[in-house]
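> Got a predicted structure here, sequence first:
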Amino acid sequence: METKHHYISDEQGSIDDFMDINMSSHHHHRCVATSSEISIAMEVHKVVPPPPTSTLHKLKARLKETFFPDDPLRQFKGKSTRTKLILFFQYIFPILQWGPNYSFKLFKSDIIAGLTIASLAIPQGISYAKLASLPPIVGLYSSFVPPLVYAALGSSRHLAVGPVSIASLILGSMLRQEVNPSKDPILFLQLAFTSTFFAGLFQASLGILRLGFIIDFLSKATLIGFMAGAAIIVSLQQLKSLLGIVHFTKQMGLVPVLSSVFHNTHEWSWQTIIMGFCFLVLLLLARHVSIKKPRLFWVSAGAPLASVILSTVLIFAFKAQNHGISIIGKLEEGLNPPSWNMLHFQGHYLGLVMKTGLVTGIISLTEGIAVGRTFAALKDYQVDGNKEMMAIGLMNMVGSSTSCYVTTGAFSRSAVNHNAGAKTAFSNIVMSVTVMVTLLFLMPLFHYTPNVVLGAIIVTAVIGLIDVPAAYLIWKIDKFDFVVCLCAFFGVLFISVQGGLAIAVGISIFKILLQITRPKTVMLGNIPGTNIYRNLSHYKDAKEIPGFLILGIEAPVNFSNTTYLNERISRWIEECELEKEVKKQSDLQFVILDMSAVSAIDTSGISLIKDLKKTLEKRGLEIALVNPVGEVMEKLQRANKAQDFLGMDCLFLTVGEAVASLSFKMKRGASNNV
């Protein structure tokens, strides 16, 4: 910033070139004082507007920061046409970056990781499909095609792709509101595929249009509460399988689920309960071992598949399906059949599938990006959020045409992938090939798999979504965020999954609006022995300056908060005058507004400053502005050229310089009066 130095001097008894602060002209202001009036030499700097820039340039810069904060084109600067073309394809297909340098050493790590996550993906795929009220085979289809697409388009090395519990729960619950999957399974399947297409279209559009900031409205507090509530609902839904209940509610609320459980006690099966309890304990024990000893990650990774195999053998050996334990039944062999002819883009259910796709798309996208960034941070590499949106979106659009439903990066599988030593996205390809072999040759082996074990697998998987330490930390840090977390949690439990999410997002937006419309203003005081001014209520050593009211505004000033700021500043002035009158201190003469934290201002904000100046002049007070930054300074300059409402001695670079200069002015005025 350009500066020009002025001094308040006590050496020769005069002040030369004291102020040069008028924004529209640059002439010197001379005044005289004796050495007894000023004891400290204070350097006063000129406040200057930012360099002139065109409106088009400003608009371009603003759009760039809004839609291209990562500046994806910077890697193309100064490169040849051939290099630019190569970089372009590498940007679209990250597999072209790591593929040419792929080695056998990386392959060994990836194949172990891929086989490990496949052992988890197969039972989870079957389980999550049932959670979404879809045929179990669709869960395996969704673990075959989407990972192949993501391996080519995704930028994360550790994200393991497939169906996830929360998206499955939301998809099933929203579609069941209008279609019964038991009475009309074909229509339900068509709506599920169409919802998946719209979810992918929405996700890809966010990435292509660089609108990823929209998902940032799902704050961490919102997600923690939402995930915990959804995990409990998912677990309670599994009571149908764990207790052997046949007639179970389709609603997702806590009360309807528990009511259904205890109103159908006559359907409880003791054989199912014993088997479910044993396998649930086994799975939880395996999870506990892996948490306590991360090197034994394979214990929890392999436990679901081992449970499926063991339970299937037991059912087959003892013919337990004839004694009240339900089984999956026959699963079709073969790879994913095409399903583009099943997509419905018109008719009565179009609104339903669009809404379902939007909600499941947001949730799955948020989970996938959060998981990808978590493991990228652990391994010190970057995950491009917009590329991830495009990859996940295109993955779901392709999946909707190949008999898949909504998929994303699952935390449990990605954690296993990371712990198993995955080095690249090739582990997804290994997992996909393993699922392909299963679809082609091993499907008859799942005929006798009991549903109770699938329920136990789901319960074990979603327990990890209940993050009590994170919720406690939110409580300790920010009580309002904790309220948001609780609203999401109880909204999911007692209203619905999408209802709880909507309430939490609404409260988060209300919090943002509250911060904008009710910006914080603080009274500043001087820390003795320094030229530093800080919040009086924060720094107890800070002292008020007689004759001054120094206020700090800690937010942008715009049309939404000018009325509040006007009223609040007026109240500060009235309180200050009353206090000085009671304490018999010197009268208030100057109001200083520290605008260092005011990052933006609009025409309403400019009008606020004009009105404040007029109001204060009527009360015999003067106003001074401290350090208005770039855009604020520029708009003040333009407004002043048009209406000349800011005179000399109004702008200062620091509060210390403002107090010193105005103190000299105040003492000089008192001397002249004498």
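Thanks, I have the structure now.
> Show me where the stretch 301-450 of the chain has its helices.
350-378, 385-400, 411-419, 426-437 (DSSP state H, counting those that start in this stretch).
> Throw these into JSON lines and include mean pLDDT and distance to residue 475, thanks.
Every C-beta, even on glycine, is put in place using the N, C-alpha and C of the backbone. Formatted as JSON lines, the helices of the stretch 301-450 of the chain follow (pLDDT from 0 to 100; distance: least, C-beta to C-beta, whole Å):
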{"stretch": "helix 350-378", "mean pLDDT": "90", "distance to residue 475": "21"}
{"stretch": "helix 385-400", "mean pLDDT": "92", "distance to residue 475": "29"}
{"stretch": "helix 411-419", "mean pLDDT": "86", "distance to residue 475": "23"}
{"stretch": "helix 426-437", "mean pLDDT": "95", "distance to residue 475": "38"}
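> so which of those comes closest to residue 634?
Minimum separation from residue 634 across the helices of the stretch 301-450 of the chain (C-beta to C-beta) falls at helix 385-400, 31.2 Å.
> Next, the angle from the closest one to helix 350-378.
130 degrees (axes from the mean of the first three to the mean of the last three C-alpha atoms, to 10 degrees).
> returning to what we had before: adding distance to residue 550 and mean neighbour count, write the helices of the stretch 301-450 of the chain out as TSV.
TSV is the format used below for these (distance: least, C-beta to C-beta, whole Å; neighbours: other C-beta atoms under 10 Å):
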stretch	distance to residue 550	mean neighbour count
helix 350-378	42	21
helix 385-400	42	25
helix 411-419	50	24
helix 426-437	59	23
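> Of all these, which one comes closest to residue 525?
Of the helices of the stretch 301-450 of the chain, nearest to residue 525 by C-beta to C-beta is helix 350-378, at 41.0 Å.
> Let's check: the centremost residue of the protein is which one?
By C-alpha atoms, centre = their mean, the chain has its centre lying nearest to residue 216, at 3.5 Å.
> so can I have JSON lines of the helices of the stretch 301-450 of the chain showing distance to residue 635?
JSON lines is the format used below for the helices of the stretch 301-450 of the chain (distance: least, C-beta to C-beta, whole Å):
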{"stretch": "helix 350-378", "distance to residue 635": "37"}
{"stretch": "helix 385-400", "distance to residue 635": "32"}
{"stretch": "helix 411-419", "distance to residue 635": "47"}
{"stretch": "helix 426-437", "distance to residue 635": "52"}
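> Looking at those helices, spot the one closest to residue 482.
That would be helix 350-378 among those, by C-beta to C-beta, at 19.7 Å.
> other SSEs contacting the closest one?
helix 165-176, helix 185-208, helix 385-400, strand 408-409, helix 411-419, helix 497-517 (3 or more C-beta pairs under 8 Å, 6 or more residues apart in numbering; DSSP states H and E).
> Tell me the helices and strands packed up against the fourth one.
So the one you mean is strand 408-409. By 3+ C-beta pairs under 8 Å, 6+ apart, strand 408-409 packs against helix 350-378.
> same thing but 10 Å
helix 145-153, strand 161-162, helix 350-378, helix 385-400 (3 or more C-beta pairs under 10 Å, 6 or more residues apart in numbering; DSSP states H and E).
> Can you give the contact residues for that strand?
146, 150, 154, 156, 158-164, 166-167, 199, 203, 360-361, 363-372, 374-375, 388, 391-392, 395-396, 417, 428 (C-beta atoms under 10 Å, 6 or more residues apart in numbering).
> Strand partners (parallel or antiparallel) of it?
Sheet pairing of strand 408-409 (DSSP bridges) gives strand 161-162 (antiparallel).
> residues near the residue nearest to residue 393 when sequence neighbours are not counted, how many?
Nearest residue to residue 393, sequence neighbours excluded (C-beta to C-beta, 6 or more residues apart in numbering): residue 204, at 2.8 Å. Residue 204: 21 surrounding residues under other C-beta atoms under 10 Å.
> my guess is residue 204 contacts residue 400, does it?
No - the pair residue 204 and residue 400 fails to qualify as a contact (C-beta atoms under 10 Å) at a distance of 11.9 Å.
> from what I can see residue 420 touches residue 108, true?
No - the criterion here is C-beta under 10 Å, and residue 420 misses it with residue 108 at 11.6 Å.
> More neighbours: these two, which one.
residue 420 (21 against 12).
> List the contacts of that one.
Here residue 420 is in contact with 109-110, 112-117, 158, 160, 297-298, 301, 427 (C-beta under 10 Å, 6+ apart).
> can you list the residues you listed in CSV and add distance to residue 127 and secondary structure?
Formatted as CSV, the contacts of residue 420 follow (distance: C-beta to C-beta, whole Å; DSSP: H, G, I helix; E, B strand; the rest coil):
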residue, distance to residue 127, secondary structure
109, 28, helix
110, 25, helix
112, 24, helix
113, 21, helix
114, 20, helix
115, 20, helix
116, 18, helix
117, 15, helix
158, 22, coil
160, 16, coil
297, 20, helix
298, 20, helix
301, 15, helix
427, 21, helix
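> which one among the residues you listed gets closest to residue 581?
residue 158 (67.0 Å).
> thought the closest one was touching residue 368?
No - the criterion here is C-beta under 10 Å, and residue 158 misses it with residue 368 at 11.9 Å.
> Next, show the common contact partners of these two.
Contacts common to residue 158 and residue 368, judged by C-beta under 10 Å, 6+ apart, are 409, 414.
> what stretches of the chain score poorly on pLDDT?
1-43, 48-49, 65-71, 73, 582-586, 643, 647-649, 668-674 (pLDDT under 70).
> residue ranges for the strands of it, please.
5-8, 15-19, 29-31, 42-45, 161-162, 408-409, 521-526, 533-535, 548-553, 590-594, 622-626, 651-652 (DSSP state E).
> which residue packs closest to residue 612, ignoring adjacent ones?
In space, residue 612 is closest to residue 623, 6.0 Å off (C-beta to C-beta, 6+ apart).
> how near is the one you found to residue 565?
Computed as C-beta to C-beta, to the nearest Å, the residue 623 to residue 565 distance reads 13 Å.
> Which one's more surrounded, these two?
Per other C-beta under 10 Å, whichever of residue 623 and residue 565 has more neighbours is residue 565, with 23 against 19.
> and the closest residue to residue 420 other than its chain neighbours, how many neighbours?
In space, and not counting its chain neighbours, residue 420 is closest to residue 113: 3.8 Å by C-beta to C-beta, 6+ apart. Residue 113: 27 surrounding residues under other C-beta under 10 Å.
> Please verify my assumption that residue 113 contacts residue 418.
Yes - Residue 113 is within contact range of residue 418, at 8.2 Å (criterion: C-beta under 10 Å).
> anything in contact with each of these two?
In contact with both residue 113 and residue 418: 158, 160, 427, using C-beta under 10 Å, 6+ apart.
> quick one: contacts for residue 284?
Counted by C-beta under 10 Å, 6+ apart, residue 284 has contacts 300, 303, 456, 459-460, 463.
> Buried subset of those as a ChimeraX selection?
Paste this into ChimeraX to select the buried members of these, with burial taken from 16 or more other C-beta atoms under 10 Å:
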select :300,303,456,459,460
